[in-house]
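Asker: this one's sequence-less:
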């Protein structure tokens, strides 16, 4: 997954060499914008030319969309980072833009897909939901090809294709990548789609799309944060940054009926989950819910009183702290004088050092053997 040299930016696709970068581009990052599964899938489709209409699902940064641009694909993307990267990489390679659909949005009624290309996602729940959503657009002759690294394709992965779509086989491995071939069975009666799941924590009803963190119950880190949320009173401006299913912001709003709450997440699935959570618990009460990877894109500098945050420590499938850094930097800009950022994280992640560097201060609100809740004040 490294791109230590300039050559690693280039994918030798059958359609021609493609220069591919992640978004946001981080010059010191060792993560590249494509993997061996992308390359394997493009080689396979070059031999078995895909027919349109063509849908590309879970294209992380545009390798598949760019490599298949001649087939005029429609692409779905969950995060804003993926959506921007796809369009930027098309432009970088002199290719025309395509239609990019947020992950939870459906295709036009009556759409019949000839080819579906799926990059296997990290979450089985996300894949399960996607296959259920795809099924109405498939016909008996639709070609479905999935791709992933061998370590990410399990028996449970293949069972989802088999039970929701139809007969499924896998290819031989090449460069530790594997393809999945699935034939739609129109007579198959798949189980009901369980997503979004709905569960309750401390009186708050939570909706969770497949692929959104903490799918079936509140995770232990968020639970610890909920036990140590800051007291707020009056018309304060609060942001649930990286909101996921929205439970932290919902708990804050319940504790303070006068709070103006903003929810921010880069994931379309998370934003949709939060909208459902908010509506179920607060009805017509106003809230701002935005899909973006940068807080500074949606709030004015110096306008927020409290930000609550459980930052991710993964970038796609790789461990990294770059997203947390961006969240902390944006929080420092967005807070009023005296405003606070409240962060929960695993103790070993060292968020206190980052907060001290950015804010000049950091206090421990609470800690246990695994997690710590920190407060930084602007």
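Answerer: Structure received. Quick caveat, the model's predicted, so the values are computed rather than measured.
Asker: Figure out how far stretch 60-71 is from the centre of its chain.
Answerer: 19 Å (Cα atoms, centre = their mean, to the nearest Å).
Asker: Report the buried residues of that stretch.
Answerer: Residues 60, 61, 62, 63, 64, 65, 66, 67, 68, 69, 71 are the ones in stretch 60-71 that count as buried (16 or more other Cβ atoms under 10 Å). Bear in mind the C-beta positions are built from the backbone N, C-alpha and C, glycine included.
Asker: would JSON lines of those residues with secondary structure, distance to residue 339 and pLDDT be doable?
Answerer: Listed next are those as JSON lines, based on DSSP: H, G, I helix; E, B strand; the rest coil; distance: Cβ to Cβ, whole Å; pLDDT from 0 to 100:
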{"residue": "60", "secondary structure": "coil", "distance to residue 339": "34", "pLDDT": "91"}
{"residue": "61", "secondary structure": "coil", "distance to residue 339": "34", "pLDDT": "96"}
{"residue": "62", "secondary structure": "coil", "distance to residue 339": "37", "pLDDT": "97"}
{"residue": "63", "secondary structure": "helix", "distance to residue 339": "40", "pLDDT": "98"}
{"residue": "64", "secondary structure": "helix", "distance to residue 339": "42", "pLDDT": "98"}
{"residue": "65", "secondary structure": "helix", "distance to residue 339": "40", "pLDDT": "98"}
{"residue": "66", "secondary structure": "helix", "distance to residue 339": "42", "pLDDT": "98"}
{"residue": "67", "secondary structure": "helix", "distance to residue 339": "46", "pLDDT": "97"}
{"residue": "68", "secondary structure": "coil", "distance to residue 339": "46", "pLDDT": "96"}
{"residue": "69", "secondary structure": "helix", "distance to residue 339": "45", "pLDDT": "96"}
{"residue": "71", "secondary structure": "helix", "distance to residue 339": "50", "pLDDT": "93"}
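Asker: which one of those is nearest residue 204?
Answerer: Minimum distance to residue 204 across those is 32.4 Å, recorded for residue 60 (Cβ to Cβ).
Asker: wait, the closest one sits on residue 120?
Answerer: No - applying Cβ atoms under 8 Å as the test, residue 60 and residue 120 come out as separate, 11.2 Å apart.
Asker: Can you give me the distance of residue 367 to residue 293?
Answerer: 29 Å (Cβ to Cβ, to the nearest Å).
Asker: Compare the two and say which is more crowded by neighbours.
Answerer: Each of residue 367 and residue 293 has its neighbours counted (other Cβ atoms under 10 Å); residue 293 has more, 22 against 13.
Asker: That one falls within a strand, correct?
Answerer: No - judged by DSSP: H, G, I helix; E, B strand; the rest coil, residue 293 forms no part of a strand; its state is coil.
Asker: State the number of residues packed around the closest residue to it other than its chain neighbours.
Answerer: Closest residue in space to residue 293, ignoring its immediate chain neighbours: residue 266 at 4.0 Å, by Cβ to Cβ, 6 or more residues apart in numbering. For residue 266, the tally of surrounding residues (other Cβ under 10 Å) stands at 21.
Asker: can you check residue 184 too?
Answerer: Neighbours around residue 184, by other Cβ under 10 Å: 21.
Asker: What of residue 125?
Answerer: 22.
Asker: show me what contacts it?
Answerer: 195, 210, 211, 215 (Cβ atoms under 8 Å, 6 or more residues apart in numbering).
Asker: isn't the residue nearest to residue 293 right next to residue 291, touching?
Answerer: Yes - between residue 266 and residue 291 there is a contact at 6.7 Å, judged by Cβ under 8 Å.
Asker: shared neighbours of those two, anything?
Answerer: Counting by Cβ under 8 Å, 6+ apart, the contacts common to residue 266 and residue 291 are residue 80.
Asker: now the strands for the stretch 101-250 of the chain?
Answerer: 113-119, 138-149, 168-170, 177-182, 197-201, 204-208, 237-241 (DSSP state E, counting those that start in this stretch).
Asker: For the second one, which helices and strands make contact with it?
Answerer: The reference is to strand 138-149. Other elements packing on strand 138-149 under the criterion 3 or more Cβ pairs under 8 Å, 6 or more residues apart in numbering; DSSP states H and E are helix 36-47, strand 113-119, helix 155-164, strand 177-182.
Asker: chain center to the next helix or strand after the longest one, what's the gap?
Answerer: Elements were assigned by DSSP states H and E; along the chain past helix 36-47, the next helix or strand is strand 54-57. A distance of 17 Å separates the C-alpha centroid of strand 54-57 from that of its chain, computed with Cα atoms, centre = their mean.
Asker: Just the mean pLDDT for strand 54-57, thanks.
Answerer: For strand 54-57, the mean per-residue pLDDT is 97.
Asker: Check which residues of it are buried.
Answerer: 54, 55, 56, 57.
Asker: Going by distance to residue 19, which of the residues you listed wins?
Answerer: residue 56 (18.8 Å).
Asker: Was I right to think the closest one contacts residue 67?
Answerer: No - counting by Cβ under 8 Å, residue 56 does not reach residue 67; the two are 9.6 Å apart.
Asker: where does the stretch 251-378 of the chain dip in pLDDT?
Answerer: 314-320 (pLDDT under 70).
Asker: residue ranges for the helices of it, please.
Answerer: Counting by DSSP state H, counting those that start in this stretch, one finds helices in the stretch 251-378 of the chain at the ranges 268-282, 322-334, 351-359.
Asker: Let me see the contact set for the spatially closest residue to residue 143 that is not a sequence neighbour.
Answerer: Closest residue to residue 143 apart from its sequence neighbours, by Cβ to Cβ, 6+ apart: residue 115 at 4.7 Å. If a contact means Cβ under 8 Å, 6+ apart, then residue 115 has 50, 51, 52, 53, 54, 55, 71, 142, 143, 144, 145 as its contacts.
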